[in-house]
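K.L.:
Dropping the sequence and predicted coords here.
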Amino acid sequence: MIYAALIFVNAVATLLAIVAVYTATRKRRARLPAAGSSQERVTVLKPLCGRDDALASNLETFFRQDYPNFELLFGVEGEEDPAIEVVRRLQKRFPDVPSRLVIHQGRRGLNPKVSNLRATLETCTNDLIVISDSNVAVCPDYLREMVGQMQVEGTGLVTNLFCGVGEQTLGARLENLHLNGPIVGSVAMSRLNGRTVSVGKSMMFRRSVFRRLGGMESVATLLAEDYVIGRMFRAAGYEVRLCAGVIRNVCVDATVKTFLRRHLRWGLLRSRLKPLMYPFEILANPMAVAMAAPFFGVPWLPALAWAVALTAVRDASQWICLRGPSGLDVIALGPFKEILSAGVWLVAPFLKHVSWRGQRYRVSAGTRLYAQAPPRLGCTRRVRSQVVGCPSE
C-alpha cells in the first residue's frame, strides 16, 4: 500500500510537470504583444566572466532584438577577461545598437554575479532592466514579450522558461536533458500554485521598485540571489510572471564532472532554502522510486520497467514542448541521469562548502555565503572602473 502511494505520487507529479510545461510553452502562440506596443527604454545587463560555450553567438542574439528602445550593458571584472574581445567585436558589427562595456574591479559582494551586477548598475540610468546570463540565447522578440508581460497590472518581475541546447559531449547531454526535464518542470509547476520561481537566466523588473525592497546589495552575500529576488517581490505584493517565450541555455562541452558539480551546488542551494520540502524532491524521481521497490517487497523488474517508461514519457514530452523533436535520442540517457540525480539529492544536504569561480564559500541557512579565503581578485587582475561605449559613439 505504501509503495502504491509512492508510485501514485510520482506519476501525478510527472503528469503535472508535463502539463505545466505544455501550458506555459503553448501560451506564447496565443498571446504575443504587438511590436512597438511600448516605447519604454530597457537596459539589458549582461554579467560576463570568461568565454562560455558559444558566447559570441549568444550575445549576438541580444544585439538583434526587435524592440525600438533598448541598450546593452556588459559587465566584466578585470581588463584581461577574454569576454572583452568578444563584446568589442560585436560592438563593431552592430554600431547602431547602443551598448557599453563596463570594466570594473569587483569587491561589491561575495556572490560574484551580484558583485558584477552592482558595478554595472552604477552606470545604468534606465528604470526598466533585464538581467540575463552569458550562456543564454534569445529570439528577436524576447524584449517585446518581456515588456508586454510587465505591462500587466500588479506585475513586479518577469522571468522565463528555458531549454538546454547545443549538446555535443556526454556531460552536456546529461545537463540539457536534466534542464529540459525535472528543472524546467519544477519551474513551470511553480506557476500553477501562483508562486512562480524567478530564474536568474532571465529576469525583468523596475530598478526603482527593487531599490525600495532592498536593492541588489541585499542579496550580495546570497548564493540563490535570483530566487530571493523573486521572493522579495512576492512578499511586497507584486506578481512574478512567467513569460511565454522560451530562452535557450547553451551547453556544448560540459563534462560529467561539471554536470555533477553544478547540480550538487543547486541541490545544496535548495536544501538550504527549503529544508523541510527538500526530502520530498526524491518522490518526483521515477528511478529512485523504482530502486526502493525491494524494500517494500515489490518485484524490482516491473518497477524498473515502469520507471524507465515514465522517465522517457516525461523527458520526451517536455523536450518536444521546449525545442521540438531534434536531438530527441538523448532521452535514452534519462534513466542513467535520474540515478545520478538521486545520488546528488542524497549527498547535497550534507555539503557545507561550494566553489564558484575559483573562490570557496561556506553556505549556511538561506544560502548565505561566507568566504573561506581572502576574496579572489577576479577573473583577472584588478583595474579601475571604466566604461567603454559602443565604438560608434
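P.N.:
Sure, I can see it.

K.L.:
May I see the buried residues of stretch 336-343?
P.N.:
By 16 or more other Cβ atoms under 10 Å, the buried positions in stretch 336-343 come out as 337, 338, 339, 340, 341, 342. (Glycine included, C-beta is placed from N, CA and C.)

K.L.:
Between the residues you listed, which sits nearest residue 8?
P.N.:
residue 338 (18.4 Å; Cβ to Cβ).

K.L.:
mind listing what's buried in the helix or strand containing residue 4?
P.N.:
Element membership for residue 4, per DSSP states H and E: helix 2-30. For helix 2-30, burial by neighbour count (16+ other Cβ under 10 Å) applies to 6-7, 10, 13-14, 17-18, 20-22, 24-25, 27-28.

K.L.:
mind putting those in a markdown table, distance to residue 162 and pLDDT included?
P.N.:
Converted to a markdown table, these look like this (distance: Cβ to Cβ, whole Å; pLDDT from 0 to 100):
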| residue | distance to residue 162 | pLDDT |
| --- | --- | --- |
| 6 | 30 | 92 |
| 7 | 30 | 93 |
| 10 | 24 | 94 |
| 13 | 20 | 94 |
| 14 | 20 | 95 |
| 17 | 15 | 95 |
| 18 | 17 | 96 |
| 20 | 14 | 94 |
| 21 | 11 | 94 |
| 22 | 16 | 93 |
| 24 | 11 | 89 |
| 25 | 11 | 88 |
| 27 | 15 | 67 |
| 28 | 13 | 54 |
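
K.L.:
Reformat those residues into TSV and put distance to residue 320 next to each item.
P.N.:
Converted to TSV, the buried residues of helix 2-30 look like this (distance: Cβ to Cβ, whole Å):
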residue	distance to residue 320
6	27
7	25
10	21
13	19
14	15
17	14
18	10
20	15
21	10
22	9
24	14
25	10
27	16
28	15
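
K.L.:
so which of these comes closest to residue 355?
P.N.:
residue 17 (30.5 Å).

K.L.:
these two touch, right, the closest one and residue 186?
P.N.:
Yes. Counting by Cβ atoms under 8 Å, residue 186 is a contact partner of residue 17 at 7.2 Å.

K.L.:
Now the common contact residues for these two.
P.N.:
residue 284 (Cβ atoms under 8 Å, 6 or more residues apart in numbering).

K.L.:
what secondary structure does residue 203 sit in?
P.N.:
Following DSSP: H, G, I helix; E, B strand; the rest coil, we place residue 203 in the strand state.

K.L.:
State the pLDDT value of it.
P.N.:
Predicted confidence (pLDDT) at residue 203: the value is 97.

K.L.:
what separates it from residue 134, distance-wise?
P.N.:
14 Å (Cβ to Cβ, to the nearest Å).

K.L.:
Between the two, tell me which one has more neighbours.
P.N.:
residue 203 (25 against 22; other Cβ atoms under 10 Å).

K.L.:
Help me confirm that the more buried one comes into contact with residue 157.
P.N.:
Yes. Residue 203 lies in contact with residue 157 (Cβ under 8 Å); the separation is 6.0 Å.

K.L.:
shared neighbours, these two?
P.N.:
Joint contacts of residue 203 and residue 157 (Cβ under 8 Å, 6+ apart) are 229, 230.

K.L.:
list the buried ones in stretch 346-355?
P.N.:
348, 354.

K.L.:
and that stretch, how far apart are its ends?
P.N.:
19 Å (Cα to Cα, to the nearest Å).

K.L.:
again with stretch 293-307
P.N.:
First residue to last in stretch 293-307 (Cα to Cα) measures 11 Å.
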